[in-house]
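[1] with the input below, show me the fold.
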Amino acid sequence: MNDLEPILLARAALSRLIEPSDTIGQALVAAAGPVTAARVAAGHQQAGSALRRATAALLDERGIPATGRAFDEALQRWHPRAADLAPQRDLQTASRFGGRVLVPEQEGWPAALADLGQGMPFCLWSRGGGTVPPAGNCLALVGSRDATSYGLAITGDLAAGLVLRGKTVISGGAYGIDAQAHRSALAAAGGTTATTRAARGGDRSAEAGSTVPEAADAPPTIAVMAGGIDRFYPAGNEDLLRAVADTGLVLSEVPPGSAPTRWRFLQRNRLIAALSAATVVVEARWRSGALNTAHHAAALGRGLGAVPGSVYSANSAGCHRLLREGSAVCVTDPAEILELADPFTLLPASPDSGKESAVLPAVHDGLSPPDILLLDALPLRKGALPQKLAVVAGLDPPAVRAGLARLELAGLARRTGAGLWQRSHRSKQQENTGTASTEHNGD
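    Numbers count the residues shown, from 1 in each chain. Coordinates of the predicted model:
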């Protein structure tokens with residue numbers, strides 16, 4: 001066993017036990033280090049009074065109330081997942097898919113993630129042969145899933161133009177703007193044929209006679225996922241994401257087998273923002289989840305741009321909102337994005353940069369974070385027992401029972417008999433209709 005292996009195993013275990021948004025888990029790792037924190041979280045070691053005080057002090061620095069009861073509730077929340085904890089198995093699973101785990105203690109860890117403070121991921125699960133470039137070399141393009149032809153064309157121009165200038169395009173792997181950003185970046189780097197490139201969005205920058213150096217160490221594009229790297233989501237983008245993994249990188253902070261829930265999509269957005277010198281919202285509705293990525297970028301002191309659209313287009317209302325509020329700069333071509341991001345001089349991070357600034361979709365309005373996790377865990381068709389929901393949501397059984405009662409009263413969950421629970425018809429309808437025209441995944 002080498003010196004790094006205990007840390008790799010501990011951080012892999014932490015990514016399985018603790019949700020990315022769990023502030024007590026984040027503080028515990030910062031206070032105790034990954035190995036001790038993993039043992040405590042898994043119930044293999046008691047948390048002494050000194051460790052509890054250190055954890056509470058770190059939470060207090062972030063303005064988060066910390067009590068002994070909250071720490072005990074966190075231990076109960078993590079306990080259901082400890083029974084099936086097998087970090088070595090997760091590492092082997094990742095390896096079978098050509099993946100590996102990156103940790104802060106090793107070379108190759110993206111230094112820019114340190115700007116997230118205690119919100120830095122426990123580890124990164126990586127699929128692909130490349131390495132993550134410095135943030136100064138990465139630009140994020142994000143936007144709506146229901147993109148217009150205008151949005152797709154602009155995204156194609158921007159992505160291709162950035163890659164042809166030696167930059168890496170980061171996005172979230174979803175339909176619409178994300179997919180076009182990845183596709184055009186691959187095309188500009190020679191990852192697809194010219195025929196495919198012309199058919200998929202008219203990347204004028206790539207067709208102007210520019211060439212890409214063959215020996216480019218930086219990947220042309222990186223997809224940051226909300227689920228495990230072993231399952232490409234959405235399924236309709238499987239071939240595209242496989243091409244991203246072959247030519248670039250696919251990253252996630254959750255281990256193999258993890259489902260891409262709504263809450264994880266929102267948490268994933270902070271990684272897209274932190275890994276990039278600037279984030280550009282190409283096309284987004286008024287309540288689009290892409291604005292969540294924009295808020296993270298602004299809070300971290302990163303550059304933030306928005307592409308203007310027609311004042312008659314609801315698909316550009318979110319971009320216009322950012323421009324009107326003054327948080328974003330108007331950008332229309334790759335050169336303006338480079339101007340926004342270079343030199344890569346970060347402004348001081350906002351005091352609220354570690355706090356969630358999500359633009360939550362309508363189905364989540366008024367729900368607490370634990371209830372959102374529980375709602376995400378509820379199956380759409382077959383019912384699930386509360387014990388199973390505790391494992392999937394990362395909540396302790398009492399919290400699950402109380403949360404189910406609240407969701408039932410809100411009309412979002414229902415009992416199906418034999419103690420089983422599933423989403424209600426109302427919740428499903430909101431998921432599939434215009435009330436959720438807000439893109440939950442930030443794409």
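[2] please, which helix or strand holds Leu141?
    Secondary structure assignment for Leu141, by DSSP states H and E: strand 138-143.
[3] and that strand, which strands flank it?
    When pairing is defined by DSSP bridges, strand 138-143 lines up against strand 168-171 (parallel), strand 278-283 (parallel).
[4] what sits against Leu385?
    Gly419, Leu420, Trp421 (CB atoms under 8 Å, 6 or more residues apart in numbering). Using the backbone N, CA and C atoms, a C-beta is placed for each residue, glycine as well.
[5] which members of the residues you listed are positioned in strands?
    Judged by DSSP state E, the contacts of Leu385 include Leu420, Trp421 as members of strands.
[6] if any of the contacts of Leu385 are buried, put those into a PyMOL selection.
    Those of the contacts of Leu385 that count as buried under 16 or more other CB atoms under 10 Å are selected in PyMOL with:
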select buried, resi 421
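[7] which among the contacts of Leu385 gets closest to Ala147?
    Trp421 (35.3 Å; CB to CB).
[8] picking that back up, tell me which of the contacts of Leu385 is nearest to Ala402?
    Nearest to Ala402, judged by CB to CB, of those is Trp421 at 13.0 Å.
[9] point to the helix or strand of the protein where mean pLDDT is at its lowest.
    helix 194-199 (a mean of 35; mean pLDDT, DSSP states H and E).
[10] hmm, back to that, average model confidence for the strand holding Leu141?
    Across strand 138-143, the average pLDDT comes to 97.
[11] using CSV, write out the CA atom coordinates for whatever helix or strand comes next after it.
    Using DSSP H and E, the helix or strand that follows strand 138-143 in sequence is helix 149-164. Provided in CSV are the C-alpha atoms of helix 149-164 (Å, rounded to 0.1, in the frame of the first residue of the first chain):
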residue,chain,number,x,y,z
SER,A,149,-31.8,27.3,-33.5
TYR,A,150,-30.3,30.7,-32.7
GLY,A,151,-28.9,29.4,-29.4
LEU,A,152,-27.4,26.3,-31.0
ALA,A,153,-25.8,28.3,-33.8
ILE,A,154,-24.2,30.8,-31.4
THR,A,155,-23.0,28.0,-29.0
GLY,A,156,-21.4,26.3,-32.0
ASP,A,157,-19.5,29.4,-33.0
LEU,A,158,-18.4,30.2,-29.4
ALA,A,159,-17.3,26.6,-28.6
ALA,A,160,-15.4,26.1,-31.8
GLY,A,161,-13.8,29.5,-31.6
LEU,A,162,-12.5,28.9,-28.1
VAL,A,163,-11.1,25.5,-28.9
LEU,A,164,-9.4,26.8,-32.0
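[12] hang on, the earlier thing: roughly how far is the very next helix or strand once past the least confident helix or strand of the chain from the heart of the chain?
    Proceeding C-terminally, helix 194-199 gives way to strand 221-224 as the next helix or strand, assigned by DSSP H and E. The chain centre lies 11 Å from the centre of strand 221-224; the measure is CA atoms, centre = their mean, to the nearest Å.
[13] tell me the strands beside strand 221-224, with direction?
    According to DSSP bridges, strand 221-224 has these partners: strand 168-171 (parallel), strand 249-252 (parallel).
[14] so which of these is the most surrounded?
    strand 168-171 (a mean of 30; mean count of other CB atoms under 10 Å).
[15] what's it in contact with?
    133, 137-142, 159, 162-163, 177-178, 181-182, 184-185, 218-224, 248, 272, 275-276, 443.
[16] rerun that using 6 Å as the cut-off
    133, 137-138, 140-142, 159, 162, 178, 181-182, 185, 218-219, 221-222, 272, 275-276 (CB atoms under 6 Å, 6 or more residues apart in numbering).
[17] can you check stretch 49-56 too?
    Residues contacting stretch 49-56 (CB under 6 Å, 6+ apart): Ala27, Leu28, Ala31, Ala32, Ala66, Phe71.
[18] go with 8 Å
    With CB under 8 Å, 6+ apart, stretch 49-56 has contacts from Ile24, Ala27, Leu28, Ala31, Ala32, Thr36, Val40, Ala47, Ala66, Thr67, Gly68, Phe71.
[19] restricted to helices, list these.
    Ile24, Ala27, Leu28, Ala31, Ala32, Thr36, Val40, Gly68, Phe71 (DSSP state H).
[20] alpha carbons of stretch 326-341, as PDB, please.
    The C-alpha trace of stretch 326-341 is given here as PDB (Å, rounded to 0.1, in the frame of the first residue of the first chain):
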ATOM      1  CA  GLY A 326     -25.400  44.000 -14.000                       C
ATOM      2  CA  SER A 327     -23.900  40.800 -12.900                       C
ATOM      3  CA  ALA A 328     -23.000  39.700 -16.400                       C
ATOM      4  CA  VAL A 329     -21.100  41.300 -19.300                       C
ATOM      5  CA  CYS A 330     -22.600  41.100 -22.800                       C
ATOM      6  CA  VAL A 331     -20.600  38.800 -25.100                       C
ATOM      7  CA  THR A 332     -21.200  37.900 -28.700                       C
ATOM      8  CA  ASP A 333     -18.000  36.100 -29.900                       C
ATOM      9  CA  PRO A 334     -15.000  34.100 -28.700                       C
ATOM     10  CA  ALA A 335     -12.700  37.100 -28.500                       C
ATOM     11  CA  GLU A 336     -15.100  38.800 -26.100                       C
ATOM     12  CA  ILE A 337     -15.100  35.700 -23.900                       C
ATOM     13  CA  LEU A 338     -11.300  35.700 -23.800                       C
ATOM     14  CA  GLU A 339     -11.300  39.300 -22.900                       C
ATOM     15  CA  LEU A 340     -13.700  38.500 -20.000                       C
ATOM     16  CA  ALA A 341     -11.500  35.700 -18.800                       C
END
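[21] buried set for that stretch?
    Residues of stretch 326-341 classed as buried by neighbour count (16+ other CB under 10 Å): Ser327, Ala328, Val329, Val331, Pro334, Glu336, Ile337, Leu338, Leu340, Ala341.
[22] contact partners for the fifth one?
    Contacts for Pro334 (CB under 8 Å, 6+ apart) come out as Asp157, Leu158, Gly161, Leu162, Leu164, Arg165, Ser205.
[23] which two from the residues you listed end up farthest apart in space?
    Largest pairwise distance in these, by CB to CB, is 12.5 Å, between Asp157 and Arg165.
[24] who has more neighbours, the two?
    Higher neighbour count among Asp157 and Arg165: Asp157, with 21 against 16, using other CB atoms under 10 Å.
[25] is it true that the more buried one touches Thr332?
    No. Using CB atoms under 8 Å, Asp157 is not in contact with Thr332, being 9.4 Å away.
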